[in-house]
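Participant: Predicted model and sequence follow; I will ask about them next.
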Amino acid sequence: MIGNRLKRAREALGLSLRDLEARIQRQVSAQAIGKYERNEMMPTSSVLLALAEALNVSPEYLLSQREVELSGIDFRKSPHASSKEERAVEAAVLDQIERYLELEELLPGSEQPWIVPEHSDFIISVVDDAEGAADALRQLWKLGIDPIPLMAELLEEKGVKVIALDLPEGVSGSKAMIQRPNLPELPVIVVNQKHNGERQRFTLAHELAHLVLKSDNLSEELLEKAADRFAGAFLMAREMIIRLLGGQRTLISLGELAELKKIFMVSVASLVVRCSQVGVISKAAYSRLWAQIKGMGWNGPQSNEPFRFEPEVPKRMERLCLRAVSEGAISEPKAAQLLRVSVREFDKKLMAQIA
């Protein structure tokens, strides 16, 4: 039955039943589409084709029996993000995850397993414990203390599906677990593709914290603070911060911090917070720097601070598509369908004409 998939595809585009009725030139009514979604009726083949085209999915997608669900969804959002926006994000994530999993099924052995860190260092009872957890994960993944050049690539190497979507401004990202019958869970992290690279990297590290940290006593508010602490420590290892800035500083200029952001690929505001956390600057110095940052408008989403980084674009799914075509596992039109691009655009990727 197509009900869940039809509703999911419609919500992924933020369409109402009447919107979809209009998109298919009123071949059937909104009431009929509602009955399809409740599995009370099945569309004719011509209506099915029209629905698929209007929703930018294939008829095979709507008819597929693959069972994939999301659990533990955790939106990192502003208070203004609506439940409708959340449902649209969930539907879009499921749509892309299904295409991602279908691609991996066509390339046996390509799926990266997610191994949940089980060490006691990941069990936290206070916010500051997140610092040790970040160090422990760096050691487990053999990352040393160097800055991480590509967060999205690192996470995908470790079995986390990373998806960049055109999200509402109020939604920074989310994490969830992919549930499949008789198969291990897979984690997915979603980032807002409209956000700059600094903000995306922090979101990725923050959501990673929610995947690895465990606590029985921290409130939701404190868990969010712990995830922020983990993110800062994971992106900016204490030892490297001290090595580059010195043990204790009475004064740090914004110019010096702006140069350091090139190394760590984080915002100046995140650097100031991190310097305070590791004791490089005093509370008084932190307050002075924060007042400067706030005065220049560098502490919000619309910051115009120097040396902005381009958004991180997850590339693993695209690479798998290119490989699958080269190995004859799928056709070029099928690859274009999986990536939601035109065949012409995919051909350009295949010929290395598009980055």
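Facilitator: Yes, it's here.

Participant: which ones are touching the residue positioned nearest the centre of the chain?
Facilitator: If you average the C-alpha coordinates of the chain and look for the closest C-alpha using C-alpha atoms, centre = their mean, you land on Val190, 2.1 Å from that point. Counting by C-beta atoms under 8 Å, 6 or more residues apart in numbering, Val190 makes contact with Val89, Val93, Val162, Ile163, Ala164, Leu165, Leu167, Gly173, Ser174, Lys175, Ala176. Heads up, the C-betas are built off the backbone N, CA and C, glycines and all.

Participant: Just the pLDDT for it.
Facilitator: You'll see Val190 listed with a pLDDT of 91.

Participant: ok, now Ser78?
Facilitator: The model reports Ser78 with a pLDDT of 52.

Participant: do Ala269 as well
Facilitator: Residue-level confidence at Ala269 comes out at 94, pLDDT.

Participant: element containing it?
Facilitator: helix 268-277 (DSSP states H and E).

Participant: So which other helices or strands are in contact with that helix?
Facilitator: helix 220-235, helix 238-245, helix 254-264, helix 283-295 (3 or more C-beta pairs under 8 Å, 6 or more residues apart in numbering; DSSP states H and E).

Participant: coming back round to it: mind putting the contacts of Val190 into CSV with distance to Leu103 and secondary structure?
Facilitator: Formatted as CSV, the entries for the contacts of Val190 read as follows, by distance: C-beta to C-beta, whole Å; DSSP: H, G, I helix; E, B strand; the rest coil:
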residue, distance to Leu103, secondary structure
Val89, 21, helix
Val93, 16, helix
Val162, 15, strand
Ile163, 13, strand
Ala164, 17, strand
Leu165, 18, strand
Leu167, 23, coil
Gly173, 22, strand
Ser174, 22, strand
Lys175, 21, strand
Ala176, 19, strand
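
Participant: Could you identify the buried members of those residues?
Facilitator: Using 16 or more other C-beta atoms under 10 Å as the burial test, the contacts of Val190 include Val89, Val93, Val162, Ile163, Ala164, Leu165, Leu167, Gly173, Ser174, Lys175, Ala176 as buried.
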